[in-house]
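S.K.: sharing a sequence plus its predicted fold:
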Amino acid sequence: MTAQRIAKLLQLAAQQHFDAIAIMPGPNMQYFTGLHFHLSERPAVALFPVKGQPALICPAFEATKTQRSPIAWQLFTYVDGQNPLEAFQAACGALQLDRSRLGLEAYKMRVLELRLFEQAAPALTCEAADHLIEQLRMIKDGDEIAQMRRAVTITEEALDEVLKVVRVGMTEHTVANELTLALLRGGAEGLAFDPLIQSGPNTALPHVSASERVIQAGDMLLLDFGITINGYTSDITRTFAIGQPPSAEFQKIYETVKQANAAGRAAAKSGVNGQDVDRATRQVIVEAGYGEYFTHRTGHGLGLEGHEPPYIVEGNTMPLEVGNTFTIEPGIYVPGFGGVRIEDDMLITSNKAESLTTYDRELRVIG
């Protein structure tokens with residue numbers, strides 16, 4: 001699989017007249033190489049020339065990571081504490097990159113690595129190549145989808161567990177901690193992000209972190225969280241009533257969001273673009289009179305990163321394809337009153353969009 005991904009990347013690179021592609025530590029390095037390097041003060045870069053043998057620049061003490069790699073690397077190392085410029089110069093020389101066109105991860109590469117390349121090969125032209133990588137990573141293969149399914153299963157099972165213990169009088173932080181423990185006990189390798197646990201008027205703040213606010217009877221409680229399995233993420237949001245049924249206004253808001261979520265899931269399919277899916281969810285909320293309170297896009301891509309293409313948003317006219325994975329998460333947020341969001345993880349298949357998340361979307365009273 002690694003060889004196939006690299007071959008596809010280099011084919012795209014050649015079509016765009018790049019001579020090589022540089023990959024940084026993180027999701028893209030995992031995707032193309034299977035190697036795990038941390039982005040730190042010690043630079044590490046994988047270089048894939050369109051013609052020739054791949055090269056890896058890294059600290060000498062981390063070079064042993066390549067022993068199990070299926071890639072026949074040219075290694076260019078530097079001693080810890082040493083200026084890595086010589087390693088960059090040696091790599092650029094071996095790959096004959098001076099006067100070449102190098103594709104970079106504009107969203108990931110730091111000034112540190114860029115300056116090292118500029119010093120190592122002064123005639124090198126560096127340009128963004130993220131669009132090439134995105135084309136490949138947006139189409140998930142069977143193994144990637146299997147990892148995401150497992151992540152979703154663990155996520156939903158943990159939600160069941162935490163709802164058994166949520167009570168009036170707990171703080172948002174306490175719920176976040178209980179949820180984290182349930183996720184880790186259930187098999188999560190890590191959290192996709194710090195759980196967003198919001199109660200009462202805090203639910204009107206789409207991305208506020210858990211606080212010491214005490215949950216009260218009559219509150220709405222919003223939980224937005226996800227995990228990683230082999231680097232692949234899940235991301236789910238559900239909103240509940242605490243202690244007693246919510247007000248008529250909140251019930252109307254909840255029902256509107258639920259209908260918008262259903263409209264987005266129904267609209268998503270191969271050949272439909274992200275803009276049209278966003279419009280489908282937004283139309284439901286606008287017609288219910290809450291348009292000004294839906295303040296973010298309908299969704300984002302999901303995979304090795306919690307936010308990645310394709311984005312389900314106005315202006316994205318790229319058609320969805322089989323293998324795309326993304327969220328549908330409409331919300332209504334009324335300042336000073338509260339909000340509701342319902343989020344699902346979607347997969348485009350040959351004839352529909354499958355919701356990987358299947359957790360109940362009906363309004364429930366808990367605690």
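M.R.: Yep, it's here. Numbering: from 1, shown residues only.

S.K.: strands of the stretch 101-250 of the chain, residue ranges please.
M.R.: 101-104, 125-128, 190-191, 196-199, 220-225, 227-229, 232-233, 236-242 (DSSP state E, counting those that start in this stretch).

S.K.: could you dump those into TSV and include distance to V214 and mean neighbour count?
M.R.: Every C-beta, even on glycine, is put in place using the N, C-alpha and C of the backbone. Shown next, in TSV, are the strands of the stretch 101-250 of the chain (distance: least, Cβ to Cβ, whole Å; neighbours: other Cβ atoms under 10 Å):
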stretch	distance to V214	mean neighbour count
strand 101-104	48	22
strand 125-128	48	14
strand 190-191	24	14
strand 196-199	8	26
strand 220-225	12	25
strand 227-229	27	22
strand 232-233	31	27
strand 236-242	11	23
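
S.K.: now these as a markdown table including distance to D276 and mean pLDDT?
M.R.: Listed next are those as a markdown table, based on distance: least, Cβ to Cβ, whole Å; pLDDT from 0 to 100:
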| stretch | distance to D276 | mean pLDDT |
| --- | --- | --- |
| strand 101-104 | 31 | 98 |
| strand 125-128 | 27 | 97 |
| strand 190-191 | 32 | 98 |
| strand 196-199 | 28 | 98 |
| strand 220-225 | 25 | 98 |
| strand 227-229 | 30 | 98 |
| strand 232-233 | 25 | 98 |
| strand 236-242 | 22 | 98 |
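
S.K.: format these as a markdown table; extra columns: distance to N83.
M.R.: Listed next are the strands of the stretch 101-250 of the chain as a markdown table, based on distance: least, Cβ to Cβ, whole Å:
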| stretch | distance to N83 |
| --- | --- |
| strand 101-104 | 21 |
| strand 125-128 | 20 |
| strand 190-191 | 33 |
| strand 196-199 | 42 |
| strand 220-225 | 42 |
| strand 227-229 | 34 |
| strand 232-233 | 36 |
| strand 236-242 | 46 |
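
S.K.: show me what contacts the residue nearest the centre of the chain?
M.R.: The geometric centre of the chain, computed from its C-alpha atoms, lies nearest to G306 (Cα atoms, centre = their mean), at 1.6 Å. Taking Cβ atoms under 8 Å, 6 or more residues apart in numbering as the criterion, G306 is in contact with A192, F193, G226, T233, D235, H300.

S.K.: go on, Q53?
M.R.: With Cβ under 8 Å, 6+ apart, Q53 has these contacts: A72, W73, Q74.

S.K.: circling back: which SSE is the residue nearest to the centre of the chain in?
M.R.: Using DSSP states H and E, G306 sits within no helix or strand.

S.K.: and for the residue lying closest to H296 once chain neighbours are set aside, the neighbour number?
M.R.: Closest residue to H296 apart from its sequence neighbours, by Cβ to Cβ, 6 or more residues apart in numbering: P206 at 6.0 Å. Residues contacting P206 under the criterion other Cβ atoms under 10 Å number 18.

S.K.: check E144 too.
M.R.: Neighbourhood size, E144 [other Cβ under 10 Å]: 20.

S.K.: pLDDT value on it, please?
M.R.: According to the prediction, E144 has pLDDT 98.

S.K.: so who does the closest residue to it other than its chain neighbours touch?
M.R.: Nearest residue to E144, sequence neighbours excluded (Cβ to Cβ, 6+ apart): Y232, at 6.2 Å. Y232 sits next to E144, Q147, M148, A151, G303, L304 when contact means Cβ under 8 Å, 6+ apart.

S.K.: please save the CA atoms from the longest helix along the chain in CSV.
M.R.: Longest helix in the chain by number of residues (criterion: DSSP state H): helix 142-163. Taking C-alpha atoms only, helix 142-163 is exported to CSV below (Å, rounded to 0.1, in the frame of the first residue of the first chain):
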residue,chain,number,x,y,z
GLY,A,142,-10.8,-0.4,2.9
ASP,A,143,-8.3,-0.5,5.7
GLU,A,144,-8.7,3.2,6.5
ILE,A,145,-12.5,2.8,6.6
ALA,A,146,-12.1,-0.2,8.9
GLN,A,147,-10.0,1.8,11.3
MET,A,148,-12.7,4.6,11.3
ARG,A,149,-15.5,2.1,11.9
ARG,A,150,-13.6,0.8,14.9
ALA,A,151,-13.1,4.3,16.2
VAL,A,152,-16.8,5.1,15.9
THR,A,153,-17.8,1.9,17.7
ILE,A,154,-15.6,2.7,20.7
THR,A,155,-16.8,6.3,20.7
GLU,A,156,-20.5,5.3,20.8
GLU,A,157,-20.0,2.6,23.4
ALA,A,158,-18.2,5.2,25.6
LEU,A,159,-21.1,7.6,25.2
ASP,A,160,-23.4,4.9,26.5
GLU,A,161,-21.2,4.4,29.5
VAL,A,162,-20.8,8.1,30.4
LEU,A,163,-24.5,8.8,30.2
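
S.K.: thanks a lot, see you next time.
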